[in-house]
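Student: I would like to see how this sequence folds:
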Amino acid sequence: MAIKIRYQGYDLEFDHYPTEAEIEQTYLALQAIVSRKLKNPGYDAIESVRTEAELPLSFAQEWFWSLEQMAPGNPTYHLPFGVRLSGRLDAGAIDRAIAVVLTRHQALRAAFISLDGRPVQVIRPVQAPVLPVLDLTAVPESLREAECARVVREESRRPFDFAHGPMMRARLLRLGLEEHVMFLMAHHIAADAWSLNLLIRELIALYESFSQGKPSPLAELPIQYSDYARWQRSRLQAGMLDELISFWKSRLAGAPPTLALPRKRFVEDKQISSGSRYNFVLSAEMSESLRLLANQEKVTLFVVLLAAFQTLLYRWSGQDDIVVGSPIAGRSRVETEGLMGCFINTLPLRADLSGNPRFRELLRQVHTTTIESFSHQDLPLGKIVEAVRPERSAGRTALYEVIFDLNNTPPVENVDLKNIKIRPLGIEVGIAKVAILLDMWRSGASLLGSIEYSTSLFDVMTIERFAEQFTTLLQSVARGPDVRLNAIELISARARQKQMLDESAHEAYRRQKLRSVKPRAVKLPSA
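Tutor: Residues are numbered from 1 along each chain as shown. Predicted coordinates for the structure are as follows:
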């Protein structure tokens with residue numbers, strides 16, 4: 001049976017359901033399949049226009065620029081990244097490597113100004129020093145790590161100067177003769193998660209060559225991000241825009257403005273900002289059972305996890321109309337794979353859980369919705385918001401309050417160079433983009449999860465319970481997807497036993513207190 005997928009105005013035909021390996025659980029792999037099958041001559045190449053004049057913004061850049069105008073210096077869309085370098089470091093080689101990366105990728109050294117009422121980007125030259133060094137060796141050794149963490153936190157929140165640029169900065173912290181931390185910070189207007197991983201890989205390749213006195217091993221980039229921005233705008237203005245707007249207006253008509261989750265309080269008059277993370281692990285056995293379920297149902301692992309997340313939101317909120325934001329890489333063109341810039345888009349994925357359907361039925365719906373939404377992913381989030389005009393509420397994001405992401409951006413693993421070990425540095429900035437953001441990714445045979453949440457809205461015990469119930473829900477549907485949503489187990493046998501023991505202990509304590517209370521003598525009035 002032929003499977004047809006509508007993508008960017010073209011009908012694509014498969015002779016089978018795309019497997020997990022083909023789709024790679026996310027839209028990025030679906031884009032790769034489309035790129036191989038797409039034969040339409042209108043699929044034009046991105047042309048290079050070499051100029052240093054004022055350049056147009058991509059739609060994603062325009063969205064982040066507008067957010068900066070509303071809340072200057074807001075660190076919500078900062079992208080911090082750090083690595084620990086252990087060994088004999090050639091500081092000159094790494095400084096030169098960063099300078100080459102900034103020169104190669106214009107988006108990282110762009111500035112953003114208003115020209116006749118419209119934003120444009122201007123590419124600035126690389127300014128030295130690109131890697132200022134902060135020597136912490138004078139700090140007592142017992143306090144050095146804490147001071148390093150403080151500096152990184154402070155740098156993570158330091159605003160970018162949009163009018164002068166650049167949109168990426170770096171700093172080297174010296175903790176010892178052979179112990180350093182390199183901290184990199186980019187703004188989302190110039191980079192995304194894919195960019196940061198590409199950045200560190202390029203830095204490693206350049207450092208390895210420069211430290212040995214060799215030239216750069218990197219090939220010249222065929223295009224720059226500004227070329228993509230110009231191509232994107234001309235493409236949407238060529239008749240595609242109306243179709244995309246029509247799709248999203250229809251898809252999101254009447255969507256609920258809020259999600260009734262059990263919050264500590266309602267945040268007024270400001271965007272959610274303070275946040276924390278809670279991490280959890282799905283065992284290799286459970287992860288494998290979820291992959292088998294996806295293959296059995298001819299959907300992707302992304303669909304299984306998203307449907308489970310939407311089910312838990314349905315059970316917690318009591319609402320059967322659920323909208324979840326989902327980031328997509330947006331790098332549908334081969335030319336963009338080696339380019340740093342903001343290609344990511346976030347799509348509002350809506351699910352109808354009314355009528356208490358079976359989980360298997362929800363999988364079919366989510367599968368269809370996901371493919372249709374990804375097929376119309378070219379309309380950036382800012383334009384979707386403009387088209388739909390959702391009801392806005394202080395302290396809440398438009399269209400969705402929760403995000404789900406199955407991350408398949410290649411992670412930066414531990415790397416050993418000739419004289420240096422490189423280890424990723426975990427950075428906790430303490431900022432939440434939305435009420436709840438569930439990140440998941442593969443690590444070996446297991447799936448890892450991390451919940452970023454607003455500490456203004458939820459306490460850690462609530463989020464811990466949310467993660468536990470999500471895990472139990474996944475176990476339940478992996479055993480049998482025919483179960484109806486309201487009947488899915490959310491509390492594990494172990495948690496239920498603990499709850500019963502806690503209740504029994506509380507009842508025993510209450511009874512003991514009652515027995516220990518001695519009756520008080522009461523003097524009756526005389527007759």
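Student: need the helices for the stretch 301-450 of the chain, in chain order.
Tutor: 301-317, 359-374, 381-388 (DSSP state H, counting those that start in this stretch).
Student: with just CA atoms, put the longest one into PDB.
Tutor: To tie it back to what came earlier, the one meant is helix 301-317. Taking C-alpha atoms only, helix 301-317 is exported to PDB below (Å, rounded to 0.1, in the frame of the first residue of the first chain):
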ATOM      1  CA  LEU A 301       9.700   6.500  19.000                       C
ATOM      2  CA  PHE A 302       9.100  10.300  19.000                       C
ATOM      3  CA  VAL A 303       5.400   9.600  18.400                       C
ATOM      4  CA  VAL A 304       5.200   7.100  21.300                       C
ATOM      5  CA  LEU A 305       6.900   9.400  23.700                       C
ATOM      6  CA  LEU A 306       4.900  12.400  22.600                       C
ATOM      7  CA  ALA A 307       1.600  10.600  22.900                       C
ATOM      8  CA  ALA A 308       2.600   9.400  26.400                       C
ATOM      9  CA  PHE A 309       3.500  12.900  27.400                       C
ATOM     10  CA  GLN A 310       0.200  14.300  26.100                       C
ATOM     11  CA  THR A 311      -1.700  11.500  27.900                       C
ATOM     12  CA  LEU A 312      -0.100  12.400  31.200                       C
ATOM     13  CA  LEU A 313      -0.900  16.100  30.700                       C
ATOM     14  CA  TYR A 314      -4.500  15.000  30.000                       C
ATOM     15  CA  ARG A 315      -4.600  13.000  33.200                       C
ATOM     16  CA  TRP A 316      -3.100  15.900  35.300                       C
ATOM     17  CA  SER A 317      -5.100  18.700  33.800                       C
END
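Student: what's stretch 353-373 in contact with?
Tutor: 5-6, 30, 247, 251, 297, 299-300, 302-304, 306-307, 310-311, 314, 320-322, 347-352, 477, 481-486, 488 (Cβ atoms under 8 Å, 6 or more residues apart in numbering). C-beta coordinates here come from the backbone N, C-alpha and C atoms, glycine included.
Student: make a PyMOL selection of whichever of these turn out to be buried.
Tutor: Selection command for PyMOL covering only the buried members of the contacts of stretch 353-373, criterion 16 or more other Cβ atoms under 10 Å:
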select buried, resi 5+30+247+251+297+299+300+302+303+304+306+307+310+311+314+322+347+348+349+350+351+477+481+485+488
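Student: quick one: which of the contacts of stretch 353-373 sit in strands?
Tutor: Those of these mapping onto strands are Ile5, Arg6, Asp321, Ile322, Leu347, Pro348, Leu349, Arg350, Ala351, Asp352, per DSSP state E.
Student: out of these, the closest to Val100 would be?
Tutor: Among the ones in strands among the contacts of stretch 353-373, Leu347 lies closest to Val100 (Cβ to Cβ), at 34.8 Å.
Student: so the closest one sits against Gln377, correct?
Tutor: Yes - with contacts counted by Cβ atoms under 8 Å, Leu347 reaches Gln377, the gap being 5.9 Å.
Student: list residues touching both of these two?
Tutor: By Cβ under 8 Å, 6+ apart, the residues touching both Leu347 and Gln377 are Ile328.
Student: tell me the contacts of Leu102?
Tutor: Leu108, Arg109, Val126, Val130, Pro166, Met168.
Student: residues in contact with the fourth one?
Tutor: Looking back up the chat, that one is Val130. Counting by Cβ under 8 Å, 6+ apart, the residues that Val130 touches are Asp95, Ile98, Ala99, Leu102, Ala170.
Student: ok, which pair from those residues is furthest apart?
Tutor: Longest span within these, Cβ to Cβ: Asp95 and Leu102, 10.9 Å.
Student: and Thr462, how far from Leu339?
Tutor: As for Thr462, its distance to Leu339 is 40 Å (criterion: Cβ to Cβ, to the nearest Å).
Student: between the two, which one's more packed in?
Tutor: Between Thr462 and Leu339, counting by other Cβ atoms under 10 Å, Leu339 is the more crowded of the two (24 against 18).
Student: shouldn't the more buried one be in contact with Gln106?
Tutor: No - between Leu339 and Gln106 there is no contact under Cβ under 8 Å: 9.7 Å.
Student: identify the contacts common to the two.
Tutor: Gln224, Tyr225.
Student: adding secondary structure and distance to Glu401, write the contacts of Leu102 out as CSV.
Tutor: Listed next are the contacts of Leu102 as CSV, based on DSSP: H, G, I helix; E, B strand; the rest coil; distance: Cβ to Cβ, whole Å:
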residue, secondary structure, distance to Glu401
Leu108, helix, 31
Arg109, helix, 35
Val126, coil, 40
Val130, coil, 39
Pro166, coil, 33
Met168, strand, 30
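Student: narrow the residues you listed to those that are buried.
Tutor: Leu108, Arg109, Val130, Pro166, Met168.
Student: the fourth one: what's its closest spatial neighbour, skipping adjacent residues?
Tutor: Which is Pro166. Distances taken as Cβ to Cβ, 6 or more residues apart in numbering place Arg109 nearest to Pro166, at 4.1 Å, with adjacent residues excluded.
Student: quick one, what contacts that neighbour?
Tutor: Leu102, Thr103, Ile123, Arg124, Pro125, Val126, Gly165, Pro166, Met167, Met168.
Student: now the strands: where do they sit in the stretch 101-250 of the chain?
Tutor: 110-115, 118-123, 133-135, 168-176, 179-187 (DSSP state E, counting those that start in this stretch).
Student: most neighbours per residue, which of the ones you listed?
Tutor: Mean neighbour count (mean count of other Cβ atoms under 10 Å) peaks for strand 179-187 among the strands of the stretch 101-250 of the chain, with a mean of 22.
Student: run the angle between that strand and strand 110-115 for me.
Tutor: 20 degrees (axes from the mean of the first three to the mean of the last three Cα atoms, to 10 degrees).
Student: if we can go back for a sec, Val388: which of the contacts of Arg109 is nearest?
Tutor: Taking the contacts of Arg109 together and measuring to Val388 by Cβ to Cβ, the closest member is Met167, at 28.9 Å.
Student: got a pLDDT number for that closest one?
Tutor: The model reports Met167 with a pLDDT of 96.
Student: without its sequence neighbours, what residue ends up closest to it?
Tutor: Met167's closest residue in space is Ala190 (Cβ to Cβ, 6+ apart), at 3.5 Å.
Student: dump the contacts of Leu102 to CSV, plus distance to Ser332.
Tutor: Shown next, in CSV, are the contacts of Leu102 (distance: Cβ to Cβ, whole Å):
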residue, distance to Ser332
Leu108, 22
Arg109, 25
Val126, 30
Val130, 32
Pro166, 27
Met168, 24
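Student: just give me the neighbour total for Ala432.
Tutor: Neighbour tally, Ala432, other Cβ under 10 Å: 23.
Student: that older thread, figure out which of the helices of the stretch 301-450 of the chain is closest to Leu55.
Tutor: That would be helix 381-388 among the helices of the stretch 301-450 of the chain, by Cβ to Cβ, at 18.4 Å.
Student: what sits up against that closest one?
Tutor: With Cβ under 8 Å, 6+ apart, helix 381-388 has contacts from 59-60, 62-63, 66, 244-245, 248-249, 252-253, 255, 345-348, 379, 398-399.
Student: again with stretch 481-494
Tutor: 293, 297, 311-312, 314-315, 353, 356-360, 362-363, 468-469, 471-473, 475-477, 499.
Student: please pick the buried ones from the residues you listed.
Tutor: Among the contacts of stretch 481-494, those classed as buried by 16+ other Cβ under 10 Å are 293, 297, 311-312, 314-315, 353, 357-360, 362-363, 468-469, 471-473, 475-477.
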